[in-house]
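Asks: Structure of the sequence below:
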Amino acid sequence: MTKDLLHIDSLDDVIGTSPIRPVPEHDRPPSPIHSGLGPVYAAERGIAWLMRVIMFLAIISLGLLMAAQVFMRYVISAPFLGIEELAPLLAVWVYFLGMAYCSRERDHIEGGMMTLVIKNPRLLTALRLLGSAATLITIVIFMRFAWDFVAFNYSVGRRSTYMRLPKVLWDVSLLIGLALMTFYAALQCLAEARALFITRGRGK
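Replies: So this is what the prediction gives:
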């Protein structure tokens with residue numbers, strides 16, 4: 001589609017080597033970089049399915065809450081203030097689970113400038129592995145701070161103003177999202193390290 005829109009014969013030199021995914025794709029044969037981790041990937045598929053279900057239900061519920069708030073506020077003039085607390089609760093769960101799911105699909109925004117400059121596949125894979133390792137370390141550091149934050153709010157028993165819901169319901173979404181990102185970042189590093197080893201074994 002992109003080639004047709006630009007009216008050129010080939011974009012191969014521009015697009016470069018495709019990034020490696022942390023998990024194998026279902027519609028393609030298993031590759032060597034994802035071999036030997038069948039039980040891990042089977043469990044991951046269940047986690048991914050659960051993330052999709054939670055995000056779908058949260059988005060639908062958020063839309064219904066917004067519609068209900070508009071109706072109650074402007075039609076019957078009886079707004080329910082609890083919606084002001086439930087809406088952010090659903091939103092943060094969608095945000096942080098979506099953040100983890102983007103890590104699974106490699107859908108985070110990236111510049112991709114290396115593929116325009118570097119043509120050596122092994123060097124490109126090595127640099128991507130370096131970036132993935134730095135990402136993993138950064139996520140682990142943030143998760144440490146998130147754990148302290150959640151533990152503090154739980155210890156003091158903070159609750160929302162109107163519905164008196166435990167604040168930890170909001171906070172734990174951050175912790176779970178970062179934990180899932182750590183999981184996918186580790187799989188990403190493993191897959192790229194394997195890819196680097198395979199290309200080395202082939203003498204590339």
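Asks: Which residue is the nearest non-sequential neighbour of the most centrally placed residue in the chain?
Replies: Centroid check for the chain by Cα atoms, centre = their mean gives Ala100 as the closest residue, at 2.2 Å. Once flanking residues are discounted, Ala100 sits nearest to Leu180: 3.5 Å by Cβ to Cβ, 6 or more residues apart in numbering. From N, CA and C alone the C-beta is placed, and that goes for glycine too.
Asks: name the element the one you found belongs to?
Replies: Using DSSP states H and E, the element containing Leu180 is helix 168-201.
Asks: Quick one: distance of that helix to the chain centre.
Replies: Its chain's C-alpha centre lies 9 Å from the corresponding centre of helix 168-201 when counted by Cα atoms, centre = their mean, to the nearest Å.
Asks: For that helix, name the packing helices and strands.
Replies: Where contact means 3 or more Cβ pairs under 8 Å, 6 or more residues apart in numbering; DSSP states H and E, helix 168-201 is packed against helix 38-74, helix 83-105, helix 121-156.
Asks: could those be laid out in JSON lines, adding mean pLDDT and distance to Leu174?
Replies: Shown next, in JSON lines, are the helices and strands packed on helix 168-201 (pLDDT from 0 to 100; distance: least, Cβ to Cβ, whole Å):
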{"stretch": "helix 38-74", "mean pLDDT": "92", "distance to Leu174": "15"}
{"stretch": "helix 83-105", "mean pLDDT": "92", "distance to Leu174": "6"}
{"stretch": "helix 121-156", "mean pLDDT": "92", "distance to Leu174": "5"}
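Asks: Could you identify which of the ones you listed is most buried?
Replies: Among the helices and strands packed on helix 168-201, ranked by average contacts under mean count of other Cβ atoms under 10 Å, first place goes to helix 83-105 (a mean of 18).
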